[in-house]
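Engineer: Structure here, sequence nowhere to be found:
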């Protein structure tokens with residue numbers, strides 16, 4: 001009598017993969033929590049010194065620049081709070097936000113983050129679309145994808161964000177770049193914690209894993225189209241939230 005053990009081996013391999021993934025997530029959670037606490041302390045020092053400079057009459061000529069720095073620091077502090085929430089496996093309190101308005105406002109900060117050599121475009125649909133997601137989390141998703149696009153375009157290029165409806169139930173955020181693209185092997189692993197195609201130092205392999213967790217925690221999904229030498233397009237689908245009525 002011959003016993004087919006192929007299915008048993010496949011099941012064991014799948015279980016081993018799930019265990020490895022769980023161990024990576026646990027390590028990511030601990031690392032995220034530790035780093036977030038340290039970064040939070042640094043940001044508090046930055047914000048405190050900016051407040052002192054804003055109160056100093058000698059800094060009046062730089063007020064606009066200081067306010068912008070404080071806004072960036074506030075954004076960083078919000079992202080840290082969101083990271084701490086993720087590390088505790090808690091999605092946090094979501095809010096209904098206008099995706100187009102949020103990303104249009106974020107355009108200036110994103111442009112500075114990716115650098116002048118990258119042309120950043122934000123194209124939103126005419127009618128407002130809303131999702132139930134913290135503003136800081138949405139900005140974190142776009143920021144991580146934008147920084148990845150920047151690294152894929154060391155000699156410059158274009159990073160385009162398009163916001164539209166996808167059917168009746170979803171909002172689509174399409175983020176595309178004209179960078180170097182990825183191999184098929186890299187495409188299958190990009191959302192794994194700590195996986196990176198970058199040199200040691202610039203890449204930690206945490207950005208896309210965090211994006212994946214944020215989107216899936218919000219009930220959404222991600223699709224990636226990429227080809228070596230032909231750029232990358234990431235499509236983020238998020239459940240549409242009821243339109244917020246103004247009073």
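Structural biologist: Sure, I can see it. Just so you know, these numbers come straight off a predicted model, no measurement behind them. Residues are numbered from 1 along each chain as shown.
Engineer: And for residue 181, the neighbour number?
Structural biologist: If you count neighbours by other CB atoms under 10 Å, residue 181 ends up with 18. All C-beta spots, glycine's among them, are computed from the backbone N, C-alpha and C.
Engineer: which residues does residue 157 form a beta bridge with?
Structural biologist: Under DSSP bridges, the beta-bridge partners of residue 157 are residue 118.
Engineer: which residues touch it?
Structural biologist: Shown in contact with residue 157 (CB atoms under 8 Å, 6 or more residues apart in numbering): 117-119, 149, 177-179.
Engineer: buried subset of the residues you listed?
Structural biologist: 118, 149, 177-179 (16 or more other CB atoms under 10 Å).
Engineer: mind putting those in a markdown table, distance to residue 190, secondary structure and pLDDT included?
Structural biologist: Listed next are those as a markdown table, based on distance: CB to CB, whole Å; DSSP: H, G, I helix; E, B strand; the rest coil; pLDDT from 0 to 100:
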| residue | distance to residue 190 | secondary structure | pLDDT |
| --- | --- | --- | --- |
| 118 | 20 | strand | 93 |
| 149 | 13 | helix | 91 |
| 177 | 14 | strand | 96 |
| 178 | 18 | coil | 95 |
| 179 | 13 | coil | 92 |
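Engineer: Looking only at stretch 154-173, what residues are buried by neighbour count?
Structural biologist: For stretch 154-173, by 16+ other CB under 10 Å, it's 157, 159-164, 170-173.
Engineer: ugh, wrong one, I meant stretch 120-135
Structural biologist: For stretch 120-135, the buried set under the neighbour-count rule, 16+ other CB under 10 Å, comprises 120, 122, 124, 129-131, 133-135.
Engineer: Domain ranges for the chain, per the record?
Structural biologist: In terms of domains, the chain is parsed into 6-87, 96-239 (source: automatic domain parsing).
Engineer: list the helices and strands the host helix or strand of residue 121 packs on?
Structural biologist: Residue 121 is part of strand 118-124 when elements are defined by DSSP states H and E. Secondary-structure packing of strand 118-124 (3 or more CB pairs under 8 Å, 6 or more residues apart in numbering; DSSP states H and E): helix 99-114, helix 135-151, strand 157-166.
Engineer: Return the member of the buried residues of stretch 120-135 nearest to residue 63.
Structural biologist: In terms of CB to CB, no member of those lies closer to residue 63 than residue 135, at 24.6 Å.
Engineer: That closest one and residue 126, how far apart?
Structural biologist: Look at residue 135 and residue 126: by CB to CB, to the nearest Å, they are 21 Å apart.
Engineer: dump the residue contacts of the residue nearest the centre of the chain.
Structural biologist: By CA atoms, centre = their mean, the mean C-alpha position of the chain lies nearest to residue 141, the distance being 2.0 Å. When contacts are counted by CB under 8 Å, 6+ apart, residue 141 touches 173, 211, 214-215, 236.
Engineer: change it to 7 Å
Structural biologist: Counting by CB atoms under 7 Å, 6 or more residues apart in numbering, residue 141 makes contact with 211, 214-215, 236.
Engineer: Most neighbours among those, which one?
Structural biologist: Going by other CB under 10 Å, residue 236 tops these with 26 neighbours.
Engineer: Shouldn't it be within a helix?
Structural biologist: No: under DSSP: H, G, I helix; E, B strand; the rest coil, residue 236 sits outside any helix and is assigned strand.
Engineer: Farthest-apart pair in the buried residues of stretch 154-173, please.
Structural biologist: Spanning the widest gap among those are 157 and 170, at 27.9 Å by CB to CB.
Engineer: ok, residue 230 - how many residues close by?
Structural biologist: 13.
Engineer: hang on, it packs against residue 183?
Structural biologist: No: judged on CB atoms under 7 Å, residue 230 makes no contact with residue 183 at a distance of 11.6 Å.
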